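Undergrad: have a look at this fold, sequence not included:
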């Protein structure tokens with residue numbers, strides 16, 4: 001049996017401030033570093049065979065906190081890089097509401113239909129990420145694989161792995177360092193746990209909203 005664990009990176013200052021991150025290489029803040037350490041400690045009880053990460057340092061540092069406890073190297077994968085928000089990158093949610101009111105409402109109501117100005121759509125991302133995950137499953141066949149990435153990335157992957165289209169994007173919540181587990185049995189992906197943040201009890205605070 002193969003188990004795939006999707007992990008979101010730890011907190012950044014841009015998460016906490018409500019700023020769209022996208023491809024900006026924003027680092028973990030102090031809370032995020034501690035979250036990553038706790039995630040690595042939590043997953044050290046599982047034998048992990050490989051760890052893959054988005055190339056952005058907030059994901060890489062989270063992935064290294066997991067891989068380091070398993071004496072593994074982190075495999076950097078471009079397919080897992082964060083969603084390209086285009087002109088929204090670096091803007092706060094309030095700035096987006098003021099500058100792009102109609103598009104912002106569409107993003108809230110019909111995310112599957114939105115293509116970011118000078119950026120990408122959820123379908124664009126899905127087309128580059130899902131084939132990588134499928135290839136990983138075919139190569140591994142058994143064992144345990146951790147993919148460390150971003151909120152939008154993991155939400156789209158979870159939809160795809162459950163056989164849902166991108167219109168279900170807002171039906172899924174994923175917190176910083178939250179992990180989602182799938183088992184791959186008999187050519188079927190089975191969701192076994194979602195948005196598990198059990199390991200973060202010692203840094204627990206009022207949770208950020210879905211951003």
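TA: Looks like it arrived, so ask away. The structure displayed is predicted, hence computed values, not measured ones.
Undergrad: which stretches of this protein form strands?
TA: For the chain, the strands defined by DSSP state E cover 2-8, 50-53, 74-76, 143-149, 179-185, 188-196.
Undergrad: pull the contacting residues for residue 145.
TA: 2, 3, 4, 5, 48, 49, 50, 51, 52, 136 (Cβ atoms under 8 Å, 6 or more residues apart in numbering). Every residue, glycine included, has its C-beta placed from N, CA and C.
Undergrad: in a markdown table, list those residues along with neighbour count, pLDDT and distance to residue 40.
TA: Putting the contacts of residue 145 into a markdown table (neighbours: other Cβ atoms under 10 Å; pLDDT from 0 to 100; distance: Cβ to Cβ, whole Å) gives the following:
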| residue | neighbour count | pLDDT | distance to residue 40 |
| --- | --- | --- | --- |
| 2 | 19 | 93 | 21 |
| 3 | 20 | 96 | 17 |
| 4 | 21 | 96 | 18 |
| 5 | 21 | 98 | 12 |
| 48 | 18 | 97 | 10 |
| 49 | 15 | 96 | 16 |
| 50 | 18 | 96 | 15 |
| 51 | 25 | 97 | 10 |
| 52 | 21 | 97 | 15 |
| 136 | 19 | 84 | 21 |
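Undergrad: what's the neighbour count on residue 19?
TA: Burial of residue 19 is recorded as 21 neighbouring residues (other Cβ atoms under 10 Å).
Undergrad: any idea how many residues pack against the residue lying closest to it once chain neighbours are set aside?
TA: Of all residues not flanking residue 19 in the chain, residue 92 sits nearest, at 5.3 Å (Cβ to Cβ, 6 or more residues apart in numbering). Neighbours of residue 92 under the rule other Cβ under 10 Å: 14.
Undergrad: and the strands of the chain as a markdown table, adding distance to residue 107?
TA: Formatted as a markdown table, the strands of the chain follow (distance: least, Cβ to Cβ, whole Å):
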| stretch | distance to residue 107 |
| --- | --- |
| strand 2-8 | 19 |
| strand 50-53 | 26 |
| strand 74-76 | 29 |
| strand 143-149 | 20 |
| strand 179-185 | 22 |
| strand 188-196 | 21 |
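Undergrad: out of those, which comes closest to residue 127?
TA: strand 143-149 (15.8 Å; Cβ to Cβ).
Undergrad: partners of that closest one, with directions?
TA: Partner strands for strand 143-149, per DSSP bridges, with pairing direction: strand 2-8 (parallel), strand 50-53 (parallel).
Undergrad: noted, bye for now.
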